[in-house]
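>>> No letters, just coordinates:
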């Protein structure tokens with residue numbers, strides 16, 4: 001399962017589903033659009049004019065007051081602009097604002113030194129979330145479940161009856177999920193669980 005229906009969880013689920021895997025996507029919200037992504041206003045970093053990954057990485061670090069993890073900033077700077085173009089623009093057709101020539105309009109924000117921010121009015125997140133949720137609902141390999149609150153991961157050592165299992169290599173076997181409508185806890189078994197539940201103070 002993928003837990004979370006924001007841009008991270010939805011993008012991961014769509015990538016896996018396109019590869020032929022059956023994916024369950026869970027959200028605690030009744031409306032799957034309800035996520036931090038939905039409320040993001042400004043825009044999303046993409047490729048700029050006369051830009052480079054090195055310059056973008058430097059600007060990401062500056063925008064974070066140098067609290068960002070430099071290797072992660074380099075990955076975002078190298079892979080991010082291409083993925084925005086391929087996934088959000090070409091595949092999902094997110095309606096970013098365009099200029100008089102019909103090209104995507106770019107603006108500057110925060111510490112960015114180039115005009116590289118794609119935006120949709122002042123509700124960019126809403127436009128992105130609408131696109132990714134629509135794609136999840138339409139994909140034959142995705143099962144979208146709402147009103148499902150993840151309680152705990154099912155792991156080999158944590159749920160073993162043998163005390164010595166704590167010393168063995170651990171493995172995720174799925175998740176315990178509370179079904180808000182039925183009022184019951186369900187077990188979803190899977191060898192892989194993706195947590196895309198939002199950035200909570202460096203927990204992940």
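Looks like it arrived, so ask away. Note that the coordinates shown come from a computational prediction; the quantities given were computed from them, not determined experimentally.
>>> Secondary structure element holding residue 75?
Counting by DSSP states H and E, the element that carries residue 75 is helix 70-83.
>>> Could you list every helix and strand in contact with that helix?
Based on contacts counted as 3 or more Cβ pairs under 8 Å, 6 or more residues apart in numbering; DSSP states H and E, the elements that helix 70-83 packs against are strand 44-45, helix 53-63. To be clear about C-beta, it is placed using only N, CA and C from the backbone, and glycine gets the same treatment.
>>> Contacts for the shortest one, please.
Contacts of strand 44-45 with the rest of the structure, by Cβ atoms under 8 Å, 6 or more residues apart in numbering, involve 56, 60, 76, 80-81, 84, 88, 112, 116-119, 124, 128.
>>> what are the ranges of the helices in this protein?
Listed in chain order, the helices of the chain (DSSP state H) span residues 7-18, 53-63, 70-83, 124-138.
>>> where does the chain dip in pLDDT?
In the prediction, the chain carries residues with pLDDT under 70 at positions 159, 199-204.
>>> do that again at 90, thanks
Filtered on pLDDT under 90, the chain yields the residue ranges 36, 40-42, 49, 109-111, 122, 155-171, 191, 197-204.
>>> Strands of that one, residue ranges please.
Taking DSSP state E as the criterion, the chain contains strands spanning 2-3, 23-26, 44-45, 106-107, 117-118, 142-145, 148-155, 172-179, 184-189, 194-195.
>>> Okay, now the sheet partners of the fifth one, with direction.
What it means is strand 117-118. Applying DSSP bridges to the sheet, strand 117-118 is found paired with strand 44-45 (antiparallel), strand 106-107 (antiparallel).
>>> Let me know which of those is the nearest to residue 24.
When the strands paired with strand 117-118 are ranked by proximity to residue 24, the top entry is strand 44-45, at 26.6 Å, counting by Cβ to Cβ.
>>> where's that closest one relative to the chain centroid, distance-wise?
Averaged C-alpha coordinates place strand 44-45 at 14 Å from its chain's average position (Cα atoms, centre = their mean, to the nearest Å).
>>> circling back to that earlier point, any chance of JSON lines for the strands of the chain, columns distance to residue 95 and mean neighbour count?
Formatted as JSON lines, the entries for the strands of the chain read as follows, by distance: least, Cβ to Cβ, whole Å; neighbours: other Cβ atoms under 10 Å:
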{"stretch": "strand 2-3", "distance to residue 95": "25", "mean neighbour count": "24"}
{"stretch": "strand 23-26", "distance to residue 95": "23", "mean neighbour count": "24"}
{"stretch": "strand 44-45", "distance to residue 95": "13", "mean neighbour count": "22"}
{"stretch": "strand 106-107", "distance to residue 95": "15", "mean neighbour count": "17"}
{"stretch": "strand 117-118", "distance to residue 95": "11", "mean neighbour count": "22"}
{"stretch": "strand 142-145", "distance to residue 95": "22", "mean neighbour count": "18"}
{"stretch": "strand 148-155", "distance to residue 95": "30", "mean neighbour count": "16"}
{"stretch": "strand 172-179", "distance to residue 95": "33", "mean neighbour count": "18"}
{"stretch": "strand 184-189", "distance to residue 95": "34", "mean neighbour count": "12"}
{"stretch": "strand 194-195", "distance to residue 95": "27", "mean neighbour count": "17"}
